[in-house]
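# When you get a sec, could you give me coordinates for this:
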Amino acid sequence: MIEQGGTTGQGGPTADESQVQLLTPEGERVDHPDFSFDGDDTEVAGYLRDMILARRVDTEATALQRQGELGLWASLLGQEAAQVGSGRAMRPHDTAFPSYREHGVAWCRGVDPLQMLGMFRGADLGAWNPYEKNFFLYSIIIGSQTLHATGYAMGLEADGAVGNDDPERDAAVIAYLGDGATSQGDVNESFVFAASYQAPVVFFCQNNQWAISEPIERQSRIPLYRRADGFGFPGIRVDGNDVLAVKAVTEQALDRARSGNGPTLIEAYTYRMGAHTTSDDPSKYRLAAELEHWRLKDPIERVKAYLTRRGAIDASWLAELDGEADALATRLREGCLALPEPDPVAAFDWVYEEQTPYLSDQQARYADYLASFAPAGQEG
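Next up is the predicted model:
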């Protein structure tokens, strides 16, 4: 049961700092008094597939950026369990509001990874339909998506889609943010409104230890989940590299939201094993020993160890999955290079629902301006 409050600490977990864990880094199942995972090994193997394929998307996108085919990429390396566990905890009619790193959640919501690459290539602003996937477009402005999520959740409550004890009708919202975003005013404003209106929203903070180059201990004097206390709703910390624990904790928080009991803050304690983005060099601000320490807690390896020990997967199963990952990588590489170049003039079509005469005139003049650069004989 999610309860408000928690133990004290100084930013990161201390020896006595509690966090929910159901699968150890060595791949051993452990019990927790308030949370449990009741799925079978087939379900766990599905999560492993999700994580491996999400990591392959990340690897290929990083390579494409290094080759000059993407303008930027924000890596999820090391955060696969936090994203897949929470993504798979959602019901089809729940809605996610991501930041810019939730590629694993997007995968779980059925977004084609090629559409994610299109945004970072500059071919579009996000080509998936957010209402069809119940996964909104990436938010580049730090923390702004938490306000969008809270407002959307307040709308669900106003529409009577909360507290009906009807799984086909009741819905909730999950807002993804990083530890650095908790320092933003937008996030704290969203906490105020969510608490005041008992909005059915779960704030899912992936605490990956670094806000670009700023360590978590410089950002907060207490563990992040305890910030919820001051706003009057529960906060809880979960081992963000444990996909089973993340699934269990997020399911309970979403159930709480759907039933009309208001928001929850989940702090998924994880680690960014890659760079903040491809424009960042983490070797400038963190020690190699820290990275090696967290490699031993790799979210994928612990699930592999668990399933292999139980005989649920074997070398042939993993080889088949590797083949699937290779095929996905090939499709992404070829598809990315084939993405059509955007029409600059079309940008004017996306400003208002209905075009205005003033904007139409601007569009026409801009089209004439672009045409003036065409080689002789190729005008128009």
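# make it CA atoms for all contacts and neighbour counts henceforth
Will do.
# Do a quick rundown of the helices in the stretch 101-250 of the chain.
Remark: helices assigned in the stretch 101-250 of the chain by DSSP state H, counting those that start in this stretch are 103-108, 113-121, 130-133, 144-158, 185-196, 227-231, 243-258.
# residues in contact with the fifth one?
Meaning helix 185-196. For helix 185-196, the external contacting residues (Cα atoms under 8 Å, 6 or more residues apart in numbering) are 143-144, 146-147, 150, 154, 181-182, 199-201, 228, 231-233, 262-263.
# between it and helix 144-158, how many degrees?
20 degrees (axes from the mean of the first three to the mean of the last three Cα atoms, to 10 degrees).
# For helix 185-196, C-alpha coordinates in CSV please.
The C-alpha trace of helix 185-196 is given here as CSV (Å, rounded to 0.1, in the frame of the first residue of the first chain):
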residue,chain,number,x,y,z
GLY,A,185,9.0,25.9,-11.2
ASP,A,186,6.6,24.2,-13.6
VAL,A,187,7.0,20.9,-11.7
ASN,A,188,6.3,22.4,-8.4
GLU,A,189,3.2,24.3,-9.8
SER,A,190,1.9,21.0,-11.2
PHE,A,191,2.3,19.4,-7.7
VAL,A,192,0.3,22.2,-6.2
PHE,A,193,-2.6,21.9,-8.7
ALA,A,194,-2.5,18.1,-8.6
ALA,A,195,-2.8,18.0,-4.8
SER,A,196,-5.4,20.8,-4.7
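# start the count at 26, not 1, going forward
New numbering, starting at 26: the last item is helix 210-221.
# just to revisit the earlier point, filter the contacts of helix 210-221 down to the buried ones.
Buried subset of the contacts of helix 210-221 (neighbour count, 16 or more other Cα atoms under 10 Å): 168-169, 171-172, 175, 179, 206-207, 224-226, 253, 257-258, 287-288.
# Just the pLDDT at P400, thanks.
P400 is assigned 75 on the pLDDT scale.
# Over to E404?
Model confidence at E404, given as pLDDT, is 55.
# next one: Q29
Reported pLDDT for Q29: 45.
# next SSE after the longest helix along the chain?
In the chain, taking DSSP state H as the definition, the longest helix is helix 66-91. Helices and strands here follow DSSP states H and E; after helix 66-91, the next one along the chain is helix 105-112.
# Now tell me what touches that following helix from outside.
Contact partners of helix 105-112, identified using Cα under 8 Å, 6+ apart, comprise 72, 75-76, 79-80, 127-131, 133-134, 231, 265-272, 275-276, 293, 295, 324-325.
# In PyMOL, how would I select just the buried ones from those?
Restricted to buried positions by 16+ other Cα under 10 Å, the PyMOL selection for the contacts of helix 105-112 reads:
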select buried, resi 72+75+76+79+80+127+128+129+130+131+133+134+231+265+266+267+268+269+270+271+272+275+276+293+295+324+325
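# Identify the residue nearest the geometric centre of the protein.
For the chain, the residue nearest the mean C-alpha position is E127 (2.7 Å; Cα atoms, centre = their mean).
# Next, that one: phi, psi?
phi -90, psi 50 (degrees, to the nearest 10).
# what about it, distance to T171?
Noted for E127: a distance of 14 Å to T171, by Cα to Cα, to the nearest Å.
# Repeat that for D211.
Taken as Cα to Cα, the span from D211 to T171 is 7 Å.
# Ok, S341 next?
Distance of S341 to T171, computed by Cα to Cα: 43 Å.
# A224 touches A186, doesn't it?
No - assessed by Cα atoms under 8 Å, A224 is found out of contact with A186, at 11.2 Å.
# Would you enumerate the residues in contact with S238?
P307, Y310.
# Tell me how many other residues crowd the closest residue to I241 other than its chain neighbours.
The shortest distance from I241 to any non-neighbouring residue, by Cα to Cα, 6 or more residues apart in numbering, is to Q234 (5.2 Å). A count of neighbours around Q234, defined by other Cα atoms under 10 Å, yields 21.
# got it, and F373?
If you count neighbours by other Cα under 10 Å, F373 ends up with 15.
# Surely it and Y383 touch.
No - if you go by Cα under 8 Å, F373 and Y383 don't touch, sitting 10.8 Å apart.
# sorry, back to before: closest one to A300 out of the buried ones among the contacts of helix 210-221, please.
A206 (16.9 Å; Cα to Cα).
# For A273, see how far away the closest one is.
Applying Cα to Cα to A206 and A273 gives a distance of 24 Å.
# Look up phi and psi at L290.
phi -110, psi 120.
# Tell me the pLDDT of the residue nearest to I241.
Taking Q234 on its own, its pLDDT is 93.
# Now do the same contact list for it.
D204, P240, I241, T295, Y296, R297 are the contacts of Q234 under Cα under 8 Å, 6+ apart.
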